[in-house]
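A.B. asks: heads up, no residue letters with this:
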């Protein structure tokens, strides 16, 4: 029984290490495909539309309700210490540094990683990827590189839009519900918000976008056969992308705001 338990742990460890190795190799191949010709501009434009423009509604709705709820929570907590005046500055800093990039990234991951994994997984099941290889078209350059590049470029834009909408949501609640003066609220927001707060969130957005598309493409390319395999790849892509976003967020926060 002991040997069986040890063997099971060993198999799980080896499978984890092998999976990490395949992921790292896939990432290296993707980066190489991005910077080597040919480049498929039609696929890139389609990915920009799908990942960027069509994700605006869900990111915007998430941001405005998050900013509004954040203002209420900070006001309720600050009132215990007579610190209600910090609501505008904390809403702005919280949205730009953390909540905007993370929640925007998670929403895009739920929408985009699943879509990419399902699309590419279906192409693999129906042997369309094999047909690309037969036609001397590299699937990494045709399918993966445009999507990863598009996500890396568009998610920071979505984060910037989400930050603005989230701060506006806090402004609406602050002035309409909590009794803040409109001019004073805006002044506190501008005075305490630094450029690095915004820039760090945009950098996080670029990293999150890269991870989202990379994970979606990886699980799509490695999808099992049949509808069940595509469904499993889709589920795994969303879970992996969400976990990687949270882990990357901690590492980037540690890098940007400590030491």
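C.D. replies: Looks like it came in fine. Nothing here was measured: the structure is a model prediction, and the numbers come from that model.
A.B. asks: Please count neighbours and contacts with C-alpha atoms only from this point.
C.D. replies: Fine.
A.B. asks: Pull the contacting residues for residue 48.
C.D. replies: Shown in contact with residue 48 (Cα atoms under 8 Å, 6 or more residues apart in numbering): 147, 150-151, 154.
A.B. asks: now, among those, which is nearest to residue 52?
C.D. replies: The closest of these to residue 52 turns out to be residue 154 (Cα to Cα; 5.3 Å).
A.B. asks: Name the nearest residue to that closest one, sequence neighbours excluded.
C.D. replies: Residue nearest to residue 154 in three dimensions, not counting chain neighbours: residue 52, with 5.3 Å by Cα to Cα, 6 or more residues apart in numbering.
A.B. asks: and the one you found, what pLDDT?
C.D. replies: Listed pLDDT for residue 52 reads 88.
A.B. asks: got the contact list for residue 189?
C.D. replies: Applying Cα under 8 Å, 6+ apart to residue 189 gives the contacts 88-89, 92.
A.B. asks: State the helix or strand in which it lies.
C.D. replies: Per DSSP states H and E, residue 189 falls inside helix 182-192.
A.B. asks: buried ones in that helix?
C.D. replies: Buried residues in helix 182-192, counted by 16 or more other Cα atoms under 10 Å: 185-186, 188-189.
A.B. asks: Weed out the non-buried ones from the contacts of residue 189.
C.D. replies: 88-89, 92.
A.B. asks: circling back: now secondary structure and distance to residue 131 too, for the contacts of residue 189, in a markdown table please.
C.D. replies: Listed next are those as a markdown table, based on DSSP: H, G, I helix; E, B strand; the rest coil; distance: Cα to Cα, whole Å:
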| residue | secondary structure | distance to residue 131 |
| --- | --- | --- |
| 88 | helix | 56 |
| 89 | helix | 55 |
| 92 | helix | 50 |
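A.B. asks: Serialize these to TSV and add fields for distance to residue 10 and pLDDT.
C.D. replies: Output for these, formatted as TSV (distance: Cα to Cα, whole Å; pLDDT from 0 to 100):
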residue	distance to residue 10	pLDDT
88	52	89
89	50	89
92	47	92
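A.B. asks: Work out which residue lies at the spatial centre of the chain.
C.D. replies: For the chain, the residue nearest the mean C-alpha position is residue 105 (2.7 Å; Cα atoms, centre = their mean).
A.B. asks: quick one, phi psi at residue 179?
C.D. replies: Backbone torsions of residue 179, given as degrees, to the nearest 10, read phi 80, psi 20.
A.B. asks: who touches it in this structure?
C.D. replies: Per Cα under 8 Å, 6+ apart, neighbours of residue 179: none.
A.B. asks: The residue nearest to the centre of the chain and residue 239: what is the separation?
C.D. replies: Using Cα to Cα, to the nearest Å, residue 105 is found at 13 Å from residue 239.
A.B. asks: where's residue 124, which helix or strand?
C.D. replies: Using DSSP H and E, residue 124 sits in helix 114-125.
A.B. asks: in the helix or strand following that helix, what's buried?
C.D. replies: The helix or strand immediately downstream of helix 114-125 is helix 128-134, counting by DSSP H and E. With burial defined by 16+ other Cα under 10 Å, the residues of helix 128-134 counted as buried are residue 129.
A.B. asks: Residues touching helix 128-134, excluding its own?
C.D. replies: 123-124, 138-139.
A.B. asks: Give me the buried entries from the residues you listed.
C.D. replies: By 16+ other Cα under 10 Å, the contacts of helix 128-134 give 123-124, 139 as buried.
A.B. asks: Just put these in TSV and tack on distance to residue 158 and pLDDT.
C.D. replies: Compiled in TSV, the buried ones among the contacts of helix 128-134 are given as follows (distance: Cα to Cα, whole Å; pLDDT from 0 to 100):
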residue	distance to residue 158	pLDDT
123	28	89
124	30	87
139	27	89
